[in-house]
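Asks: got a sequence here, can you build the structure:
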Amino acid sequence: MPSASSLVGAVVTAAVVVVGGGVAVTALRSDPGPDRATVVKVVDGDTIHVDYDGSTHKVRLLNIDTPETKHPGKAVECLGPEATAYLEGVLEVGDEVRLVFDQELHDRYGRELAGVYEGDVLINAEIARRGLGVPVYFAPNKKFLLEVETAFEEAKAAGVGMFDPEVGCTYAARVADHEEAVVALEASAGAPEERVSAADEVVTAGVVLLALLDEPDAGTLSAAGLTAAELDALRDRVTVLQERAQAVAASAKDEIQQAKEDAERKKKEEAERKKKEEAERKAKEEAERKAAEEAAAAAEAQRRAQQPAPQPAPAPQPAPAPAPQPGAGYTGCRAYVGGPYVDDKGRRYTPIDCQTKQPIIP
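Replies: Numbering: from 1, shown residues only. Okay, the predicted model is just below:
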């Protein structure tokens with residue numbers, strides 16, 4: 001079996017580029033590779049090691065790009081482990097494969113660029129058919145591009161791999177999850193403060209998702225192979241969901257504001273009610289006080305009316321004429337019971353007060 005290197009000269013098209021007066025020549029070819037190569041190792045979802053012509057060759061599958069798992073400068077990407085696991089399951093160590101080369105034999109890392117067949121099955125396309133990689137074209141190699149693109153569209157239509165809404169890291173899943181969050185938010189019957197908080201979280205998640213959808217270039221692996229129109233459709237869908245979440249937040253905030261206004265109104269009404277009750281209480285107390293005073297006055301008047309008319313004070317008695325002093329010429333009242341005085345008839349008597357009959361003692 002001829003080696004890849006031995007076939008380089010079979011059919012060559014020279015691409016000549018003038019650089020600073022010099023000439024650079026890149027070897028291009030369109031020959032089949034070895035008919036029998038043995039799988040030694042699966043590196044990741046689009047790279048394998050095979051043995052043929054007595055040596056091990058690193059092979060990068062053409063026109064398919066799978067998520068990273070081994071890149072030193074990148075984190076493990078969505079579905080990268082699944083793509084690797086799929087290739088490990090399809091191309092087990094010891095399996096025989098057929099390599100078919102395109103025009104450019106090697107990439108900048110020295111890997112051979114090939115379509116890998118197991119029997120009549122193009123493994124490059126099978127990866128795309130399961131939604132585990134996206135079509136990619138690096139000029140001039142496009143021998144397998146159409147078949148990979150067709151398989152990729154099948155994956156998209158079937159909703160598998162990176163189009164599976166059940167796979168949490170995919171765009172489909174993220175948009176579906178965001179929609180579920182919005183629907184749940186709209187159905188929430190919690191307190192308005194809770195709904196505002198939940199809506200803010202959903203809106204924040206939507207902002208992150210929109211930024212994620214804005215970042216990749218259409219058709220690339222980071223865009224999951226989605227076209228510009230498909231990315232726009234996802235952005236539009238998320239934007240509508242954002243508006244719905246924001247509407248929930250606005251409605252809940254209106255409820256909070258209305259509740260605040262109602263509370264203030266009730267507080268004012270309560271204050272006015274208490275003020276009115278206090279005024280009524282004071283008016284009642286004043287009326288009761290006046291009524292009590294009037295009742296007391298009426299009772300006093302009635303009491304006075306029921307009392308007998310006062311008797312006129314007795315006329316003052318004229319002061320009695322002073323009793324005549326006893327002695328010669330005494331003509332006043334006398335008591336003939338003996339005494340120091342003798343009347344003109346020789347009888348002894350005691351002068352007395354004509355009213356009180358008391359002795360008048362000179």
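Asks: what residues does Val40 make contact with?
Replies: By CB atoms under 8 Å, 6 or more residues apart in numbering, the residues touching Val40 are 48-51, 56, 93. Bear in mind the C-beta positions are built from the backbone N, C-alpha and C, glycine included.
Asks: spatially nearest residue to it (excluding sequence neighbours)?
Replies: Take Val40 and drop its neighbours on the chain: the residue closest to it by CB to CB, 6 or more residues apart in numbering is His49, 4.3 Å away.
Asks: can you verify that neighbour is assigned to a helix?
Replies: No: counting by DSSP: H, G, I helix; E, B strand; the rest coil, His49 is not part of a helix but strand.
Asks: sorry, back to before: counting neighbours, which of the contacts of Val40 comes out on top?
Replies: Within those, neighbour counts (other CB atoms under 10 Å) peak at Ile48, which reaches 27 neighbours.
Asks: that one and Leu87 touch, don't they?
Replies: Yes: with contacts counted by CB atoms under 8 Å, Ile48 reaches Leu87, the gap being 7.1 Å.
Asks: and for those two, which residues touch both?
Replies: Common neighbours of Ile48 and Leu87 (CB under 8 Å, 6+ apart) are Val42.
Asks: and the lengthiest strand in the chain, average pLDDT?
Replies: Ranked by residue count and defined by DSSP state E, the top strand of the chain is strand 96-106. Averaged across strand 96-106, pLDDT comes to 97.
Asks: report all helices and strands that it contacts.
Replies: Contacts defined by 3 or more CB pairs under 8 Å, 6 or more residues apart in numbering; DSSP states H and E place strand 96-106 against strand 22-28, strand 37-44, strand 47-52, strand 112-118.
Asks: hey, C-alpha coordinates of that strand in CSV?
Replies: Extracted in CSV, the C-alpha atoms of strand 96-106 (Å, rounded to 0.1, in the frame of the first residue of the first chain):
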residue,chain,number,x,y,z
GLU,A,96,-9.7,-1.0,10.1
VAL,A,97,-10.6,2.2,8.3
ARG,A,98,-10.0,3.8,4.9
LEU,A,99,-8.6,7.2,4.6
VAL,A,100,-9.4,9.5,1.7
PHE,A,101,-7.4,12.7,1.2
ASP,A,102,-8.4,16.0,-0.4
GLN,A,103,-6.1,18.6,-2.0
GLU,A,104,-4.2,19.8,1.1
LEU,A,105,-2.7,16.8,3.0
HIS,A,106,-1.7,18.4,6.3
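Asks: list the buried residues of the one helix or strand Pro351 maps to.
Replies: If you go by DSSP states H and E, Pro351 is part of strand 348-351. By 16 or more other CB atoms under 10 Å, the buried positions in strand 348-351 come out as 349-351.
Asks: please apply the same query to stretch 246-255.
Replies: 248-249, 252.
Asks: so where's the stretch 51-200 of the chain uncertain?
Replies: For the stretch 51-200 of the chain, no stretch has pLDDT under 70.
Asks: which residues of it fall in strands?
Replies: Applying DSSP state E, counting those that start in this stretch to the stretch 51-200 of the chain gives strands spanning 55-61, 64-65, 96-106, 112-118, 121-122, 134-135.
Asks: with distance to Ala224 added, can I get those in JSON lines?
Replies: Listed next are those as JSON lines, based on distance: least, CB to CB, whole Å:
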{"stretch": "strand 55-61", "distance to Ala224": "18"}
{"stretch": "strand 64-65", "distance to Ala224": "11"}
{"stretch": "strand 96-106", "distance to Ala224": "25"}
{"stretch": "strand 112-118", "distance to Ala224": "23"}
{"stretch": "strand 121-122", "distance to Ala224": "21"}
{"stretch": "strand 134-135", "distance to Ala224": "7"}
